[in-house]
Structure formats: structure tokens, C-alpha cells
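Asks: Could you look at this predicted model? Sequence included:
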Amino acid sequence: MVRALSLSLAAAILIACPDIALAAELDGRSLGLAWALPFAGILLSIALFPLLAPHAWEHHQGKIAAFWALLVLVPMAAFMGPATALHSLAHTALLEYIPFILLLLALFTVAGGILVRGNIHGAPATNTALLAIGTVLASLIGTTGASMVMIRPVLRANDDRLHNAHVVVFFIFLVSNVGGSLTPLGDPPLFLGFLRGVDFFWTTTHLLPETLFVSAVLLAVFFVFDAYLYRKEGRIRPDPTPDRPVRVTGGINFFLIFTIIGAILFSAAVDLGRFTLLGTEIEAANAVRDAVMIAVTFMSLALTPRANREENGFSWGPIKEVAKLFAGIFVAIIPVLAMLRAGAEGPFAPLVALVTNPDGSANNAAYFWLAGGLSSFLDNAPTYLVFFELAGGDPQHLMTAGALTLAAISAGAVFMGANSYIGNAPNFMVYAIAREKGVAMPSFFGYLVWSGLILVPTFLVATLVFFRH
């Protein structure tokens, strides 16, 4: 709905002003903090409505997102002119929102076609291996894809255990969050970084030490804790899942994953020229990449047995929700990014000071914890963009001289999405599936106790090891 309203507004502006060319960029130095209120409003809506008014949120989330988006676009058109509003909307939609949603759609569809059948017995070593496999898979098919592929086999493996909620909690820590840190496919913030100019394999090389460290610590803690509970409870319950050999079906989707990766690498390496649409310059190679995402989606639907998606509990609901909410987020964040680009000359000068050392260098620990702290309760993709711009927004500088700062922002946004159920989209999906299967999952605040006791100390050590300079 948000996208439809936004496109309708753009069409109306274009009809009213047929001679519109490239409008001037928003000058963040001239904007007041009131322009950031819609962005804060939509993030708080996403964080609070599912907890305080879940029924209203389920039925009206598109309208709520549209309200916040229009609260940016309408004043922008009124006070800055329709040309500026159209250019800002077109730039955001064509260069960021549409590529972002098409990648998520392709990965979501492909992952939904991969089915793991059979039963595995959830001994500590087996559970640790399953979590490790899911952690690796997350950077290949995304945290959402890996979570949906792996959660049901993990639940089946542990459905005879007296204590199994901890398995799901660590699953959220590792598969739904930390594991997605090594490629732009892994987690939405990193793909937004790729769209902003960060090299595809930059995160693989620069976040590998941090990811290995945090993953190893969490897997070790899990193994020790799971082994203790396993010995304590014994094998006193019959396994409700019949023994069947483990089989993976829907193999064509693995080929389609490599097609997605190939299309992204192609768009970064090949120059096919450029064309202009609504005053926005678009690289032809990127348009080809986006077309491949659409083709992959339809190929996966056509070539995967329908039974695979039915057994996986596949539905279009989650991706529809993401598409509506992110349409609103991408519009609401337009003036915020402009103000951040103004740096110390803009209204966010105090935030700039907070992440800057007295000698003018970046405070990487502050970047890690601020990006992570906000990502714990607000969506980590726009949070990443905020701090990316706060660090200067120049991908070439951030990948070289500012590499540690970009690593801190990336790690904070991805890792700390695990701190709460609402920190990353797969978290609540996994929680809901586990509850449906009878797992006594901790409450919202109970989960915060888990993350506070396990994740926060791990991240503190990671700060000392990697981000104190």
C-alpha cells in the first residue's frame, strides 16, 4: 500500500510538472529535527504495535506505514517543491528499495523450496553441529532463509527433550542473526551497504574474525549448557517423530542461489552503461541484476515441488509485511540521511560528537554499541544506514581508511539484532514456529534475560578484542 501511494504521488507530481529534470539534493543543514519524527514514528510503531496492539498491527500495518511515509512526502512537496519530492522518492525507490525487496523476495522464495526431511536425535554434539550448519548457511541464503530451512529439523531433533527452549534461543542468536554477517546476502543491512558501494566480499574478509569469535563462543557455551541438561534429564521420553533417513529435496534452489550470487557479482563488475528515469541515473547492469531476481523467483516456484513449500509452512505473509514496512521506512529515512550527511554542520551534530574521539578519529566501540543497541529493538537495516551516513557515507573511504569503523557498524547491526525478539525479522518467526510446535519459549522479557546473560558479555569481550581502537 505504501508503495502504491508513493508511486501515485510521484505520478501526480510528474503530470503536474512534466518538465521536471534532476532536482536539487536535500540540504540536511537546513532541516530541523522535526523531519526525523516520521522515521522515529515508524520504527517505534514496528517495535511497539506487535506487543501492545497485535490485532490492529496485523490488519493495519500497511496503513500505519503509509501514514508515516506521507508525513514526509506531503510536507516535502509543499515546502521544498514537487520536483524535490519526486526526485527524492524516485532516487530511493529505484536505487535502494526495489533492489532491496527483489533480493529478499528471491532469497525468501528459494529458501522456501528447500526441504529437510527426516529425524535427527538432538544430542549435544548433534545440536551444536546443526546450529553451526545453520550459522554458515545464513550468509548464503540469508538469515530468514536459513532460519526457515533449519528450524523445523532442529525442532524435530529435540521434540523428545524435556528442555528444548534453550536450543531455539541459541538458534535465534546464531542462525537468525550472527551467521548472516559474511555476505550481502546474509542480512538486509549488508545488502544496503552493497547498494551504497561496499564490495561484495568486503564483509567476508573484514568481519570473518569477529564472526568466528562470536560464533565459536556461543557454540561453546551452548554445547556446555546443552550437555549439562542432556545428562540431567536423561532419555526418559519416547521420540514422537518416527525415525526416517535425512533427505534434502528441492536441490534446484541451490543452483538458483548461485544464480543470485552471480547476478550480484555481475552488477558490481560489469559496466553496461546508464539510463535516466525520473531524474535518477540507473546503471543498466543493476537493472539486469534486478530482472534476474524476478526470474529466479518464478523459476523457483515453477521448478520446486509444491509439497516442499507446504511442509515448510511457506506463505507470502512475511515478505508482504516486509515490503510494506520497508516502503515506509525508506521514504521516512530520506530527510534523516540528508541531515546525517551534513555531519557536524547538521542537526545531528551531538550524535557525531558521541562517536568521535577527542582527536577527531572515530570511536569504533561507540559505533559498535550504538548501531547494535538500536538494532536490538529497531530494525537493523535503517539503523545501519543511519550510522553508515554518520561515518561519512563514502564507501571507498570506509572500506579502506575507515575499515574498522565500517566493521563496527556492520557487526553491531547484524550481531545485536539477536538481543530481542524484535531485533531482526527471523527472530519472531522462529519464536512463533517454536511456540506452535509446543516449545515453552521465554517471554519477551525472559528472552532479554537470556541475551543479557549470554550475548552482552560476549559482545563486551568482542569490543575489547576488535573495536577498542
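Replies: Done, it's in.
Asks: Was I right to think Val214 contacts Gly412?
Replies: No. Look at Val214 against Gly412 with C-beta atoms under 8 Å: they stay out of range, at 11.5 Å. From N, CA and C alone the C-beta is placed, and that goes for glycine too.
Asks: Neighbour count for these two, which is higher?
Replies: Using other C-beta atoms under 10 Å as the criterion, Val214 and Gly412 rank with Gly412 on top: 32 against 29.
Asks: Check the secondary structure at the more buried one for me.
Replies: Following DSSP: H, G, I helix; E, B strand; the rest coil, Gly412 is assigned to helix.
Asks: quick one, what contacts it?
Replies: Contacts for Gly412 (C-beta atoms under 8 Å, 6 or more residues apart in numbering) come out as Tyr367, Phe368, Trp369, Leu370, Ala371, Gly372, Gly373, Ser375, Phe387.
Asks: Same check on Pro153?
Replies: Shown in contact with Pro153 (C-beta under 8 Å, 6+ apart): Val116, Gly118, Ile120, Leu130, Val246.
Asks: ok, so of the residues you listed, who is nearest Pro209?
Replies: Of all the contacts of Pro153, Leu130 has the smallest distance to Pro209: 24.0 Å, by C-beta to C-beta.
Asks: Got the phi and psi for that closest one?
Replies: Per-residue torsions, Leu130: phi -60, psi -40 (degrees, to the nearest 10).
Asks: got a pLDDT number for the residue lying closest to it once chain neighbours are set aside?
Replies: Leaving aside its chain neighbours, Leu130 sits nearest to Val154 (5.4 Å; criterion: C-beta to C-beta, 6 or more residues apart in numbering). pLDDT recorded at Val154 is 90.
Asks: Ala129 is in contact with Val154, correct?
Replies: No. Between Val154 and Ala129 there is no contact under C-beta under 8 Å: 10.7 Å.
Asks: more neighbours, the two?
Replies: Neighbours were counted for Val154 and for Ala129 using other C-beta under 10 Å; Val154 has more, 27 against 14.
Asks: I'd assumed that one was in a helix, is it?
Replies: Yes. Under three-state DSSP, Val154 sits within a helix.
Asks: OK, contacts around the residue nearest to the spatial centre of the chain?
Replies: The residue lying closest to the centre of the chain (C-alpha atoms, centre = their mean) is Pro188, at 3.3 Å. By C-beta under 8 Å, 6+ apart, the residues touching Pro188 are Phe100, Leu104, Asn380, Ala381.
Asks: any idea which helix or strand carries the second one?
Replies: In other words, Leu104. helix 98-112 (DSSP states H and E).
Asks: Packing partners of that helix?
Replies: Using 3 or more C-beta pairs under 8 Å, 6 or more residues apart in numbering; DSSP states H and E as the contact criterion, the elements in contact with helix 98-112 are helix 124-157, helix 188-195, helix 252-269, helix 284-303, helix 317-332.
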